[in-house]
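*Asks:* Dropping a prediction and its sequence here:
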Amino acid sequence: MEKEKLSFGEVIKTIRKQRKMTQKMLSQNICSQSVLSRIENDGEIPNVLVMAQLCQRMGVTIDQVMSMHSTEVQHLHELLEQMAYCFFHKDYDKLQHLLEKPNLLNHLYLDTDLQLYYYYLGSCRFFKDQDHELALEDLKQGLAYTFRLEKANVSATEIQLISCIGRVYEELGQEQTARENLAYSLQLFYELPPERMSNMAAKVFYNYAHFLHNQGEYSQGLKIAKEGIEVARKQKSYYYLDELFLLAGLIYEKLGNDGEAKKYFEASGDVHYIRSI
């Protein structure tokens, strides 16, 4: 049976939602929001220039959009949602199982989906397999799909990838390269518009604070850890929040402030308990 094809507008709407972009974010400086709404609902056919600009902002090509089918899009969306859930909850065993699904790579049309695949794979290599060399290779491959130094609009995923690359370099004993990547990821985070921030942004702060702690730069490490805690709180996200509290407690301990250390250790335990419920 021939697969049912989505219209151009339907595919644009599906990919936009997968990218967690609003119509305003996608249409800005390309067309009006009302025009985009009509395009998505098949009330208007965009010209080639508008089509190309919309696709470019979402990280896809026109050819990729036109080749996608409804059943494939829905199945892939569900699979990526499962992966994102496992990744958020650090269930690397289940995440690796999902990544090993037969012919998965053959069904990833979009550069951003391929980027996530290698981000997740590199994370499994790092945390589950303890294979830092392969983790670095996978993370770099994921970043290479979309990131360019001259790129104007850096994504939250790209920032996390750069941060994680820095974390792996730290484990490999390449401190200077680690510092450069970690500092750069934080710089990019500060430049990111609020509406494009991820609920997993706290990891960027944790990675850098973890590095500074290990380098004995306790005051700066504590500052970064506390910033990460505030970012997580503002986003109402528990992702890496217990680790940040724990790290801040360890730094306070190093600084000889046992009273503050105890408060942060208790907060870490409370968050860990809430996450486990």
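*Replies:* Right, received. Where do you want to start? Numbering: from 1, shown residues only.

*Asks:* quick one: the nearest residue to residue 19 once chain neighbours are set aside from residue 228, how far?
*Replies:* The shortest distance from residue 19 to any non-neighbouring residue, by C-beta to C-beta, 6 or more residues apart in numbering, is to residue 58 (5.7 Å). Just so you know, the C-beta spots here come from the backbone N, C-alpha and C atoms, and that holds for glycine as well. Residue 58 sits at a distance of 29 Å from residue 228 (criterion: C-beta to C-beta, to the nearest Å).

*Asks:* more crowded one of the two?
*Replies:* Set side by side, residue 58 and residue 228 show more neighbours around residue 228, with 28 against 20, by other C-beta atoms under 10 Å.

*Asks:* Quick check: which element contains the more buried one?
*Replies:* Using DSSP states H and E, residue 228 sits in helix 218-234.

*Asks:* likewise residue 56?
*Replies:* Remark: residue 56 resides in helix 48-58, with elements defined by DSSP H and E.

*Asks:* what's in contact with that helix?
*Replies:* Identification of contacts with helix 48-58 by C-beta atoms under 8 Å, 6 or more residues apart in numbering yields 8, 12, 15-16, 19, 21, 26-27, 30-31, 35-36, 39, 46, 61-62, 64-65, 112, 153.

*Asks:* In helices, which of these appear?
*Replies:* Counting by DSSP state H, the part of the contacts of helix 48-58 found in helices is 8, 12, 15-16, 26-27, 35-36, 39, 62, 64-65, 112.

*Asks:* list the buried ones in the host helix or strand of residue 203?
*Replies:* Taking DSSP H and E as the definition, one finds residue 203 inside helix 202-214. Buried positions in helix 202-214, judged by neighbour count with 16 or more other C-beta atoms under 10 Å: 202-213.

*Asks:* what's the angle from that helix to helix 218-234?
*Replies:* If you take axes from the mean of the first three to the mean of the last three C-alpha atoms, to 10 degrees, helix 202-214 sits at 160 degrees to helix 218-234.

*Asks:* tell me the mean pLDDT for helix 202-214?
*Replies:* For helix 202-214, mean pLDDT is 97.
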